[in-house]
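**Student:** Return a 3D structure for these sequence lines:
(one chain, ligands or ions: 1)
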Amino acid sequence: MSPPGRRRGARAVVAVVLLGSTLALVAPAAPVAADGCATWRRTLSQGTTGSDVRRLQVRVAGYPGFGRRLSVDGEFGPATRAAVRRFQAAYGLGVDGIAGPRTLGLVERLQDDDCTPAGFSFGELDDGCGGRGFDGGRTTTATARSTALVTMWKLQALRHALRERPITVASGFRSIPCNRLAGGAARSRHLFGDAADLDAGPHTLCALARQARHHGFQGIYGPGYPGHSSHVHVDGSGRSWRAPRCGI
Ligand code: ZN
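**Tutor:** You can find the predicted model right below:
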């Protein structure tokens, strides 16, 4: 279920303030996520490895390039470098593919205390049938939660590309019973925290669907695909563009 509109509005204000670099106002404290939310203590560049690289990869997962997906493996290779370059370009930083103090500082300003990006929350991505949490899917609770975090950072990239206007998540992670109720496929990516259904307003469904291809979403189902006239489904698996009314 989506949270009340008022809450989303409040988060949007926080996002705008954070983007304005006014650090006096921060999002309310929340439980620390499974991947931890420590600040970065060194510059990361091609060839470095470690959990800090992994945390960076989660946060630039929305910049893999058209139709691609970034591996979150803790190894800073060419694909991570390219993602950092796209992230830097998207935010008007110097583009060098190196995650130094300026780039990492911006990443830190974009995230809430629980490691979620400013524009999204675990509460928007957890059980789509009104429950709470990430248990009862087709993977462990911890994996579903950390995958949902990656999904949120992809959505943040999508939101930034769409001029920071809020994106409404109608359904995110689903438990098996919830997925059954929603009529989802037996192996739906919703069961893994790897999918989100997005409502229109202020964006058109086709604007969401088309732009999502640039931000790590490889399975996209929208207008023209049966059952998807009122929302766009995006997930990080496969390679499916099924939104015929939005072009090719
Ligand atoms: Zn869906």
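**Student:** who does the strand or helix carrying residue 198 touch, helix- and strand-wise?
**Tutor:** For residue 198, the host element (DSSP states H and E) is strand 195-199. Packing partners of strand 195-199 (3 or more Cβ pairs under 8 Å, 6 or more residues apart in numbering; DSSP states H and E): helix 141-161, strand 168-171, strand 232-235. From N, CA and C alone the C-beta is placed, and that goes for glycine too.
**Student:** Identify whichever of the ones you listed lies nearest to the ion.
**Tutor:** Of all those, it is strand 232-235 that lies closest to the ion, at 3.3 Å by Cβ to the ion.
**Student:** May I see the buried residues of that closest one?
**Tutor:** Neighbour counts over strand 232-235 (16 or more other Cβ atoms under 10 Å) mark 232, 233, 234, 235 as buried.
**Student:** Next, the residues that contact it from outside, please.
**Tutor:** 154, 189-190, 194-198, 205, 208-209, 212, 217-223, 243 (Cβ atoms under 8 Å, 6 or more residues apart in numbering).
**Student:** ok, residue 107 touching residue 59?
**Tutor:** Yes: here residue 107 lies in contact with residue 59, judged by Cβ atoms under 8 Å, at a distance of 5.0 Å.
**Student:** higher neighbour count, these two?
**Tutor:** Set side by side, residue 107 and residue 59 show more neighbours around residue 59, with 26 against 22, by other Cβ atoms under 10 Å.
**Student:** one step back: and the helices and strands packed on strand 195-199, which is most packed in?
**Tutor:** Ranked by mean neighbour count, the helices and strands packed on strand 195-199 are led by strand 232-235 with a mean of 27 (mean count of other Cβ atoms under 10 Å).
**Student:** And for residue 49, nearest residue in space, chain neighbours not counted?
**Tutor:** Closest residue to residue 49 apart from its sequence neighbours, by Cβ to Cβ, 6 or more residues apart in numbering: residue 75 at 5.0 Å.
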